[in-house]
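Trainee: Predicted model, plus sequence, below.
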Amino acid sequence: MTTLHPHPASDGTPEPPPAYRWAVLVAVSLAMFGNYYVYDAVAPLADVLKVQLGFTDSQIGTLNAIYSLPNLIMVLIGGIVIDRIGTRKSTFLFAAICLAGAALTAAAPSFPVMAAGRLVFGLGAESMIVAVTAALARWFRGKELSFAFGLNLTLARLGSFAADWSPTWAGEAFERWRGPLLISLVFAAVAVVGAVVYWILEAQAVHRYSVGAAQETDKPVLRDLFRFGRSYYLVVALCVTFYSAVFPFRTFAIKFFMEYHGTSRELGGQINSVLILFAMVFTPLFGLAVDWVGRRALFMMLGSVLLVPVYLLLLETSLPVWVPMAIMGVSFSLIPAVMWPSVAYLVEGPKLGTAYGLMTMVQNVGLAGFNYLLGAANDVAGASATNPAGYAPMMWILSGLGLAGFVFAWMLRRAETGPSAHGLETITVSGRAP
C-alpha cells in the first residue's frame, strides 16, 4: 500500500513523495504536448499547401517522412546521450532543437525550406520523446508505471487533438499557409517551458531526496545493442509496424475524409480527432489495468488485431466514419499503454535510454518509408476528390501493417509464456499474478 509520506533511503535521505513524482509527470507531459502539436500541424494544412503552394501528395508525405530521416541514426545517438548526460539536460536540449525546427518550417513558402525545418524538428522531437520516456521509466518503475505512461500520452495527445481541431478554433489562420505554422511555433515554445520546469524539479529532487530513479545511469556501449534479447526485438518489430499503420495515415487522413467522404476541412479534422480523443480517455485506463493484471503481450495482440479491418471499413461509405475511427482509437490506446512500459521489464535500467533510442530509431525507419510510400501510392493511383477510389491502395497497405503487428505480438506472447520469460505476463503492482 502506497503511503503519502516519503520513505527514508538506506542513507537516511527521504524518497520524494508521490505528489512530487506526479509533478514531474505533468512537466514532461507539457513538453510532449507541444511536441505532438507541432508534429500534427501539417495534416490540417495539407489541402492548403496543395492549393496555395502547389505541393503534391508526395511532397506533403515527405514533410512528415523527412521528420523521421535524421532519426534513422540520430535517435539512437540521442538515447546514448540521454544515458550519458541525464534526462533533464537532454529533454531541454532536444526541446530547444524542436523550437528551432518549427521556426524554420514557418520561415518561407518553399518546399526545401519547409522540409529542412521539419528535418530539424524531427532531429529534436524523437530524441526528446526518448528522454521523456526514459525519465518516466526511472521515476515510476514499480510505481504505477503503465498508468504513468498512459497519463503522459493522454496529456501529450492533447497536442494532437488541438492540432486536429485547429481548423475549427483557428479557422482564420488557414486563409494563408503560414498562419497554422506560426501557431505551431508557439506550441514548440510551450515544449521548452515544460522541459525547463522538469529540469528544475529534478535538480531540486537530487538535493532534497533519494532519487536513484532520476540519477544519471551507467555509460552504455554499442555492443549492448546486441544483448537486449528476443522479446525486446519483438516489441521493436511491433512498434515499427503499429506506428507505421497509424501516423502516416494521419498525414493524409483529413485530405482523405474531404475527398473520399466529402467532409469539410473542419469536419475532417474533428473526425481525425476521434482517434486522439479515444486514446486520451482510454490509454491511462488500459495502463492502470495492465499494472494490475499483467498479460502485456496478450493486450498487444488484441490491440494489433483491431487495426486489421479498420482501414477497409473506412472505404465503406455506408458506414458512419466514426465507427472505424473509434476502433482505431481503442487500438491506439491499448498498444502504446502496454508497449513502451514493457521495455522497462526487458532491459536493465542503466541501458533504458539506449534501448528506447534504438526502438525509436527503427520506428522512424517505418514512419519515413511509409509516409513517402503512401503519398506515392496516392499519386500513382490518382487519389483525389474526382477519383476517390485512388485511396484504396493506401488502405490495403495499412491493413497489411496491422496484420504484421498481430503476428509479432503473437510471437512475443509465445516467448513470454516460455521458460525465458521476463514477467511481461505476470508482473503486477501487487506482485506476481497467480
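Mentor: Done, it's in. Numbers count the residues shown, from 1 in each chain.
Trainee: remind me which residues of the stretch 51-200 of the chain are low pLDDT?
Mentor: By pLDDT under 70, the weakly predicted segments of the stretch 51-200 of the chain are 141-143.
Trainee: My read is that residue 146 contacts residue 336, right?
Mentor: No. Counting by Cβ atoms under 8 Å, residue 336 is not a contact partner of residue 146; they are 10.1 Å apart. Every residue, glycine included, has its C-beta placed from N, CA and C.
Trainee: Of these two, which one has the most company?
Mentor: Comparing residue 146 with residue 336 by neighbour count (other Cβ atoms under 10 Å), the higher total belongs to residue 146, at 28 against 24.
Trainee: For residue 299, see how far away the more buried one is.
Mentor: Residue 146 sits at a distance of 10 Å from residue 299 (criterion: Cβ to Cβ, to the nearest Å).
Trainee: joint contacts of these two?
Mentor: Residues touching both residue 146 and residue 299 by Cβ atoms under 8 Å, 6 or more residues apart in numbering: 286, 290, 338.
Trainee: I'd like the residues you listed laid out as CSV, including secondary structure.
Mentor: Formatted as CSV, these follow (DSSP: H, G, I helix; E, B strand; the rest coil):
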residue, secondary structure
286, helix
290, helix
338, helix
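Trainee: Now, of those residues, which are buried?
Mentor: Neighbour-count burial within these applies to 286, 290, 338; the criterion is 16 or more other Cβ atoms under 10 Å.
Trainee: isn't the first one right up against residue 329?
Mentor: No. In this structure, residue 286 sits apart from residue 329 without contact. The criterion is Cβ under 8 Å, and the distance is 11.5 Å.
Trainee: which element follows the host helix or strand of residue 337 toward the C-terminus?
Mentor: Using DSSP states H and E, residue 337 maps to helix 322-346. Next helix or strand after helix 322-346 toward the C-terminus (DSSP H and E): helix 352-381.
Trainee: about what we covered before: in the helix holding residue 337, what's buried?
Mentor: Neighbour counts over helix 322-346 (16+ other Cβ under 10 Å) mark 324-325, 327-346 as buried.
Trainee: which SSE is residue 200 in?
Mentor: Using DSSP H and E, residue 200 sits in helix 178-208.
Trainee: Packing partners of whichever helix or strand comes after that helix?
Mentor: Counting by DSSP H and E, the element after helix 178-208 in chain order, helix or strand, is helix 230-244. Applying 3 or more Cβ pairs under 8 Å, 6 or more residues apart in numbering; DSSP states H and E, one finds that helix 230-244 contacts helix 296-314, helix 322-346, helix 352-381, helix 392-415.
Trainee: I'd like those helices as JSON lines, with distance to residue 26 appended.
Mentor: Formatted as JSON lines, the helices and strands packed on helix 230-244 follow (distance: least, Cβ to Cβ, whole Å):
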{"stretch": "helix 296-314", "distance to residue 26": "25"}
{"stretch": "helix 322-346", "distance to residue 26": "18"}
{"stretch": "helix 352-381", "distance to residue 26": "21"}
{"stretch": "helix 392-415", "distance to residue 26": "31"}
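Trainee: With mean pLDDT as added columns, please give the ones you listed in TSV.
Mentor: Listed next are the helices and strands packed on helix 230-244 as TSV, based on pLDDT from 0 to 100:
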stretch	mean pLDDT
helix 296-314	92
helix 322-346	88
helix 352-381	85
helix 392-415	93
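Trainee: Ok, which of those helices comes nearest residue 82?
Mentor: Minimum separation from residue 82 across the helices and strands packed on helix 230-244 (Cβ to Cβ) falls at helix 352-381, 3.6 Å.
Trainee: what's the closest one packed up against?
Mentor: With contacts defined as 3+ Cβ pairs under 8 Å, 6+ apart, helix 352-381 has these neighbours: helix 57-68, helix 74-85, helix 111-140, helix 230-244, helix 247-260, helix 322-346, helix 392-415.
Trainee: Go through those and name the closest to residue 191.
Mentor: Among the helices and strands packed on helix 352-381, the nearest to residue 191 by Cβ to Cβ is helix 111-140 (7.4 Å).
Trainee: after that closest one comes which helix or strand?
Mentor: helix 145-164.
Trainee: Just the CA atoms of that following helix, as CSV, please.
Mentor: Taking Å, rounded to 0.1, in the frame of the first residue of the first chain, the C-alpha atoms of helix 145-164 are listed here in CSV:
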residue,chain,number,x,y,z
LEU,A,145,4.5,2.6,-14.4
SER,A,146,1.9,1.8,-17.2
PHE,A,147,-0.6,4.2,-15.6
ALA,A,148,2.0,7.0,-15.6
PHE,A,149,2.8,6.3,-19.3
GLY,A,150,-0.9,6.3,-20.1
LEU,A,151,-1.4,9.7,-18.4
ASN,A,152,1.7,11.1,-20.1
LEU,A,153,0.3,10.0,-23.5
THR,A,154,-3.1,11.4,-22.7
LEU,A,155,-1.6,14.9,-21.9
ALA,A,156,0.7,14.7,-24.9
ARG,A,157,-2.1,13.7,-27.3
LEU,A,158,-4.0,16.9,-26.2
GLY,A,159,-1.5,18.5,-28.5
SER,A,160,-2.6,16.2,-31.4
PHE,A,161,-6.2,16.8,-30.5
ALA,A,162,-5.7,20.6,-30.6
ALA,A,163,-3.9,20.4,-34.0
ASP,A,164,-6.8,18.3,-35.4
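Trainee: so what does the next helix or strand after that helix touch, helix or strand wise?
Mentor: Downstream of helix 145-164, the next assigned helix or strand under DSSP H and E is helix 166-169. Contacting helix 166-169 under the criterion 3+ Cβ pairs under 8 Å, 6+ apart are the following elements: helix 265-293.
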